[in-house]
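Novice: got a predicted structure plus its sequence, pasted below:
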Protein chains: 2
Amino acid sequence: MSIAVENFIKAIYKNDKHDGNDTKPGNIAKKLGISNAAATDMAKKLASRDLLNYEKYQELRLTEKGSKMALNIVRKHRLWEALLFKLFDMSLHEIHREAELLEHQTSDFLANKISAYLGNPKFDPHGDPIPNESGEITTVDNSIPLSKTQAGKSFVISRLMSDDKEFFDFCALHGLKYGNRIMVTNQFQNNKMTQISINHNTILLNEDFTNIIYVNEIN
Amino acid sequence: MSIAVENFIKAIYKNDKHDGNDTKPGNIAKKLGISNAAATDMAKKLASRDLLNYEKYQELRLTEKGSKMALNIVRKHRLWEALLFKLFDMSLHEIHREAELLEHQTSDFLANKISAYLGNPKFDPHGDPIPNESGEITTVDNSIPLSKTQAGKSFVISRLMSDDKEFFDFCALHGLKYGNRIMVTNQFQNNKMTQISINHNTILLNEDFTNIIYVNEIN
DNA sequence: AAATATTTTTAAGTTAACTTAAAATAAAAT
DNA sequence: ATTTTATTTTAAGTTAACTTAAAAATATTT
């Protein structure tokens, strides 16, 4: 499959999974930086290849085959991130940027080699789960975004759900890292602002960030 | 640059460097599995981008800019081979196959990371030199093909100049590996057949192989 | 040196992946 | 409920990277 097709399928998968937007051509087009017309064309084409279901003016839905494909690409992306993060001194943003390219030129054979080398990890350095060779994500994720937490409780960071350099720079600066421990000290303005304590520092986060930082409570 | 352009430039570079054929569109086309017409078109296009010099019916010659580009791709290819070979249990053929894809999706930034991780190696697992970031190959190569050696002398294998699976399988089977020591026991039929001794075994090689196995004499 | 074969080039056409502009439909606002 | 706005679709066109077929030039053979 071409890179364009792979990115299209992946964009649908991600939109479905995480983003609130409905999965229509326009939203996918926006993500990929292409025109709406191009997205509609691509949707029709992929429907004819049984990768997604397309009905005029309706949302796009991946077929079983399409989902498998998306998960395979996501797997490769996350394995690359895990490998690059382990071997080299690279930031979360940098590993993401490189994985975005490498994922499309990676055989299943090589993906399995990487996975085995890393001890078949279940999560990448962002805390995102790595699908297995069959496209299954076995691990259950009970984590919640920081914006949904209660003041006074302690948590471990489980996911940093972003592609954004600024966000990762901020995280690196304050020690916000997969696996690190934090305490929520205050919630303000109906959870629009969250105050946390990490490494004996207190920082205040707004919604933009607390919606993409996922945590698990420590009992 | 697109993958098609990169492969075209690389094919010219390699043809120039190693293969006896003249560097005309037809020979490049054959290597890339495209039509002669496509190669001519591409040659014209790349000439307009100052990557090569093109004159009707003449050989193609890379410009300074084109050579730099070729060496940059070759660098990435060989760094990937070195990394994959070190980390994973993969054959020379397999690392080549994967590097062939990865080389086109590798930033200079990542290439430098790989190089540093490996200790800025000067050679890849085939014994091919790895250009530095500026496209320079500093190491002098005095090695000669096995077909040019004299019986009775001892050598170290310095390069296995091939992309072919069969060849690498043969090499693996007999311990013909970069850095390994051999002795040339006989040359037959005007060097068309070469008998060598390796690991206490005697094997007979024909021209096809002795022209692509390079060695350095041990004094 | 002429005839033949091969290679290169030109010409015309295809496909994937886009674009812009206009028409059709759906969603939102009054 | 109707109008306005936004989105989706269709239509027509572009570019890169190919193809095949025929014409032009070069190489090879006799």
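Specialist: On my side now, so go ahead.

Novice: ok, the residue in chain A that DNA strand D sits nearest to - contacts?
Specialist: Each residue of chain A has a distance to DNA strand D, by Cβ to the nearest atom of the strand, and the smallest belongs to residue A:26, at 1.8 Å. No exception for glycine: its C-beta is placed from N, CA and C like everyone else's. If you count contacts by Cβ atoms under 8 Å, 6 or more residues apart in numbering or on different chains, residue A:26 has them with A:36, A:39.

Novice: and it, that one's in a strand?
Specialist: No - checked against DSSP: H, G, I helix; E, B strand; the rest coil, residue A:26 lies outside a strand; its state is helix.

Novice: and it, what's its pLDDT?
Specialist: At residue A:26, the predicted lDDT confidence score is 95.

Novice: can you check residue A:20 too?
Specialist: pLDDT, the model's per-residue confidence, is 69 for residue A:20.

Novice: isn't residue A:74 up against residue A:12?
Specialist: No - in this structure residue A:74 lies outside contact range of residue A:12 using Cβ atoms under 8 Å: 11.8 Å.

Novice: give me the more crowded residue out of those two.
Specialist: Neighbours per residue (other Cβ atoms under 10 Å in any protein chain shown) separate residue A:74 from residue A:12, with residue A:12 holding more: 27 against 22.

Novice: now tell me what touches the strand or helix carrying that one from outside.
Specialist: Using DSSP states H and E, residue A:12 sits in helix A:3-17. Contacts of helix A:3-17 from elsewhere in the structure, counted by Cβ under 8 Å, 6+ apart, are A:1, A:21, A:23, A:27-28, A:31-32, A:39, A:42-43, A:46, A:51-52, A:60-62, A:66-67, A:69-71, A:73-74, A:103-104.

Novice: list buried residues within those residues.
Specialist: A residue is treated as buried here by neighbour count (16 or more other Cβ atoms under 10 Å in any protein chain shown); on that basis the buried members of the contacts of helix A:3-17 are A:23, A:27-28, A:31-32, A:39, A:42-43, A:46, A:51-52, A:60, A:62, A:66-67, A:69-71, A:73-74, A:103-104.

Novice: which non-adjacent residue is nearest the residue nearest to the spatial centre of chain A?
Specialist: Among the residues of chain A, the one closest to the centroid is residue A:161, at 5.1 Å (Cα atoms, centre = their mean). For residue A:161, the nearest residue in space outside its immediate sequence neighbours is residue A:212; the separation is 4.4 Å by Cβ to Cβ, 6 or more residues apart in numbering or on different chains.

Novice: any idea how far the one you found lies from residue A:184?
Specialist: Taking Cβ to Cβ, to the nearest Å as the measure, residue A:212 and residue A:184 are separated by 16 Å.

Novice: do the same with residue A:35
Specialist: Computed with Cβ to Cβ, the distance linking residue A:35 and residue A:184 is 43 Å.

Novice: also residue A:53?
Specialist: Taking Cβ to Cβ as the measure, residue A:53 falls 41 Å from residue A:184.

Novice: got it, and residue A:27?
Specialist: Separation of residue A:27 from residue A:184 (Cβ to Cβ) stands at 32 Å.

Novice: quick revisit: do I have it right that the residue nearest to residue A:161 meets residue A:163?
Specialist: No - with contact defined as Cβ under 8 Å, residue A:212 does not reach residue A:163; the gap is 10.0 Å.

Novice: which of these two has more neighbours?
Specialist: The residue with the greater number of neighbours, taking residue A:212 and residue A:163 and applying other Cβ under 10 Å, is residue A:212; the counts read 19 against 14.

Novice: quick one, longest helix in chain A?
Specialist: Once chain A is assigned using DSSP state H, the helix that runs over the most residues is helix A:64-87.

Novice: anything in that one near chain B?
Specialist: Yes - looking at helix A:64-87 against chain B by Cβ under 8 Å from any Cβ of the partner chain, the contacts come from A:84, A:87.

Novice: report the buried residues of the following helix or strand past that helix.
Specialist: Toward the C-terminus, helix A:64-87 is succeeded by helix A:92-102 as the next helix or strand (DSSP H and E). Under the neighbour-count criterion of 16+ other Cβ under 10 Å, helix A:92-102 has A:92-102 buried.

Novice: reformat those as TSV; add pLDDT.
Specialist: Compiled in TSV, the buried residues of helix A:92-102 are given as follows (pLDDT from 0 to 100):
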residue	pLDDT
A:92	94
A:93	95
A:94	96
A:95	97
A:96	97
A:97	97
A:98	98
A:99	98
A:100	98
A:101	98
A:102	98
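
Novice: save those residues as a markdown table, and put in distance to residue B:17 too.
Specialist: Below are the buried residues of helix A:92-102 laid out as a markdown table (distance: Cβ to Cβ, whole Å):
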| residue | distance to residue B:17 |
| --- | --- |
| A:92 | 40 |
| A:93 | 38 |
| A:94 | 33 |
| A:95 | 34 |
| A:96 | 36 |
| A:97 | 32 |
| A:98 | 29 |
| A:99 | 32 |
| A:100 | 33 |
| A:101 | 27 |
| A:102 | 27 |
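
Novice: out of these, who's nearest residue A:150?
Specialist: Minimum separation from residue A:150 among these (Cβ to Cβ) is found for residue A:92, which lies at 27.2 Å.

Novice: contact partners for that closest one?
Specialist: Under the criterion of Cβ under 8 Å, 6+ apart, the contact list for residue A:92 reads A:85, A:125-126, A:160, A:168, A:171-172.

Novice: and the furthest pair within the residues you listed?
Specialist: By the measure Cβ to Cβ, A:85 and A:171 form the most distant pair in the contacts of residue A:92, at 13.6 Å.
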